[in-house]
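In: here is a sequence with its predicted model. Questions after.
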Amino acid sequence: MSLGARVFVFVVYFLLALSFVAQTALLFWEFGPEKALIFATFDSHLFLFFPTLGLVALAAFYLPSCAFVDMYWRHVSFGRLRFLVGLIIVGAAAVYAALGLSANPHRSVWDIKPATLMADKSEPAGCGDASKPCERIALIEGVTNLSEVSRRRIGVREFYRSCQAEPLIEAGTAEETKRFCFASTPLSEAPRLSTDAECCRAQQRFQSTIDRLYVDPTQQSITGRIHKLLLPAKVFFLFLLLAISVLLTLRHTGVKRHYPDRISRIEVSVLVGAAAMIFFPLMSQAYVQSADALFGVQQKGGFRSIVTLMSFLFGAWAMLLLLFSFRQHDQDLELAAKLAGVAASTIAVFKYDLLVSIIVRYLGSGADTLAVAVLIGLALLAVVVLMSPFARRVFVGSDVKATEATQ
């Protein structure tokens, strides 16, 4: 495997890793640790996944990426041209998809600069008790309340509101059950509970206030602006892993023939990368659950509208990696792996809501400082083990040492 291929992949992946870490670091610099942690856990698919598990995936797919760059550059017919054309197509697709996501008219609370959020008050002035309910709670208070409630329970689906009348079903005569509304009510020991209609109006007002403030460029946060600039890098990363997975399946024979001394490490790295990446759709679904509880289920569009499809595509992606990892082993092992995959998929389908709710609690809006610290620690450990031969010998054992000696 040539030095040029390894250097090229390292530079590209290093720039991606730098963009992942930079955005989260900027969030904490701009908003301060307390508020930034609330925003980072609410949008954990952006601010927690990429600088932790995203780095693990980059480290895991580093060796397979080097193998493909080297193979296309030296061993495949018209490989250099095909590699460059493929890279341009993936890059263009990433920019196009990022522009589509950025066009979403609905923004997040962290898209508004800190000074504006600090000056924002609940409406009308002096509201918040039973005698004077709020039409819309202060922006920073709404997302803070969601974080506090998420840390006390598994998931927040019970706070969803039905904001659209169903024309095919007659409304029942029983009195509607009132619930706490994050968009309108201060959190207390005995908060005022709201009907669906009251909360839906507050949710719409809450979101429209954010969108109205964002229209003014002077009210936009630095983090929000940088996010739009760096979003193509994140999408490029996701598309790149998809392309590598397809190539691992289609060109398995070539990888095995040209890099027989590295095939075992490639297989292990791919499985580690797949295990890390499977958290992205889960954390994305956790974000959707939290956003629906705060902003309302009727306010769709942008990233929230594609999360379900994305989760399905990630399932197919994981099956591609499973096919690559076990196709060279004996049939019994391959069959067992496929059956295990089917069983895991079945469990995930029937318990998916519970699984997402658990992610909300520990890796989403309910995550606390300890959960975030553990995630960062495990991610750093995984990156070190994947990238350092010495660390692999220490943590994995002598088998890896013997494999390294043959390379």
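Out: Arrived safely.

In: rest of the way, CA atoms for contacts and neighbours
Out: Noted.

In: where in this structure is pLDDT low?
Out: Judged by pLDDT under 70, the chain has its weakly predicted residues at 130, 164-176, 297-305, 308-312, 314-352, 390-407.

In: okay, and N104 sits in which element?
Out: Using DSSP states H and E, N104 falls within no helix or strand.

In: and K121, that's in a helix?
Out: No. The secondary structure assignment for K121 gives coil rather than a helix, going by DSSP: H, G, I helix; E, B strand; the rest coil.

In: quick check: closest non-adjacent residue to it.
Out: In this structure, K121 finds its nearest non-sequential neighbour in A138, 4.7 Å apart by CA to CA, 6 or more residues apart in numbering.

In: let me see the contact set for the one you found.
Out: For A138, the contact set (CA atoms under 8 Å, 6 or more residues apart in numbering) comprises 120-123.

In: show me which of those are buried.
Out: Neighbour counting with 16 or more other CA atoms under 10 Å marks 121-123 as buried within these.

In: pipe those residues into JSON lines and attach distance to G296 per row.
Out: JSON lines is the format used below for these (distance: CA to CA, whole Å):
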{"residue": "K121", "distance to G296": "20"}
{"residue": "S122", "distance to G296": "18"}
{"residue": "E123", "distance to G296": "18"}
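
In: which one of these is nearest V156?
Out: S122 (22.7 Å; CA to CA).

In: returning to that earlier point: in TSV, list the contacts of A138 along with distance to L250.
Out: Shown next, in TSV, are these (distance: CA to CA, whole Å):
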residue	distance to L250
D120	55
K121	57
S122	57
E123	59
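
In: closest to Q204 out of those?
Out: Out of the contacts of A138, the member with the shortest distance to Q204 (by CA to CA) is E123, at 13.2 Å.

In: isn't that closest one up against I137?
Out: Yes. Applying CA atoms under 8 Å, one finds E123 in contact with I137, separated by 6.3 Å.

In: next, count neighbours for I244.
Out: Neighbour count for I244, taken as other CA atoms under 10 Å: 18.

In: so it makes contact with A67?
Out: No. Taking contacts as CA under 8 Å, I244 lies outside contact range of A67: 10.4 Å.

In: what's the burial count for F28?
Out: Using other CA under 10 Å: F28 sits among 17 other residues.

In: now F239
Out: With other CA under 10 Å as criterion, F239 counts 16.

In: not counting sequence-adjacent ones, nearest residue to it?
Out: V90 (6.5 Å).

In: shouldn't that neighbour be within a helix?
Out: Yes. Per three-state DSSP, V90 lies within a helix segment.

In: OK, contacts around it?
Out: Counting by CA under 8 Å, 6+ apart, V90 makes contact with 236, 239-240.

In: gap between K234 and S221?
Out: Distance, K234 to S221, by CA to CA, to the nearest Å: 20 Å.

In: my bad, should have said T253
Out: 50 Å.

In: more neighbours: which of the two?
Out: The neighbour comparison of T253 against S221 (other CA under 10 Å) goes to S221, with 22 against 12.

In: helix, strand, or coil at the closest residue to R152 other than its chain neighbours?
Out: Excluding its sequence neighbours, the residue lying closest to R152 (CA to CA, 6+ apart) is G366, at 7.8 Å. Put simply, G366 is coil when judged by three-state DSSP.

In: kind regards, and thank you for your time.
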